[in-house]
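Peer 1: Based on what follows, work out the 3D shape:
(one chain, ligands or ions: 1)
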Amino acid sequence: MDTTFTDAELIAFLDETLGPERSTQLENHLKSDNVLQNRLLVKRSQQAAGLHTIGGIWQRTKASCPSREDLNSFLKETLAPSKADYIRFHLIEIGCRYCQANSTDLLGDATSKKQLNSRRERFFQTSAGYLPLRVEK
Ligand SMILES: [Zn+2]
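Peer 2: Reported below is the predicted structural model:
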């Protein structure tokens, strides 16, 4: 069991995006590890301070998220290539959970089941091509 926690893991823990197994390990360590407690406190205060930075405001207001209309056009593949590239990057590389949920919702709105399936297939085929880029890190 790896008991060293990276800064990225601490941030993920605070964001509640760290996996359940790793979160449990971290919680168990926090009880007895003063250094880890302090590191987590520092990260939390840095995050709180970040709320007033442009990055923090950007994240909270979802200023980088495409509109629902653009997202829908992207899924229908009727969007201009440059805009589509950005949305693909936003969904796959950034992995915006808000937009991923929005996409799933939009795909669910599709009237034709056949259309839906082929769209979903194409979407995930496109996604699959990007996955190795993330794993290599
Ligand atoms: Zn988004």
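Peer 1: Got the domain ranges for this protein?
Peer 2: Following automatic domain parsing, one gets these domains for the chain: 7-60, 64-135.
Peer 1: and those domains, which one's lowest on average pLDDT?
Peer 2: When the domains of the chain are ranked by mean pLDDT, domain 64-135 comes last with a mean of 75.
Peer 1: how many neighbours does residue 29 have?
Peer 2: Look at residue 29: counted by other Cβ atoms under 10 Å, it has 15 neighbours. Glycine gets a C-beta too; all of them are placed from N, C-alpha and C.
Peer 1: now do residue 88
Peer 2: 17.
Peer 1: and it, what are its phi and psi?
Peer 2: phi -60, psi -50 (degrees, to the nearest 10).
Peer 1: Quick check: residues of the chain near the ion?
Peer 2: With Cβ under 5 Å from the ion as the criterion, the chain meets the ion at residues 65, 96, 98-99.
Peer 1: possible to save those as a markdown table with secondary structure?
Peer 2: Below are the residues of the chain next to the ion laid out as a markdown table (DSSP: H, G, I helix; E, B strand; the rest coil):
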| residue | secondary structure |
| --- | --- |
| 65 | coil |
| 96 | coil |
| 98 | helix |
| 99 | helix |
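Peer 1: nearest to residue 84, of those?
Peer 2: residue 99 (13.4 Å; Cβ to Cβ).
Peer 1: Would you agree that closest one is in contact with residue 67?
Peer 2: No - counting by Cβ atoms under 8 Å, residue 67 is not a contact partner of residue 99; they are 10.3 Å apart.
Peer 1: any chance you could map the strands in this protein?
Peer 2: Here the chain has no strands by DSSP state E.
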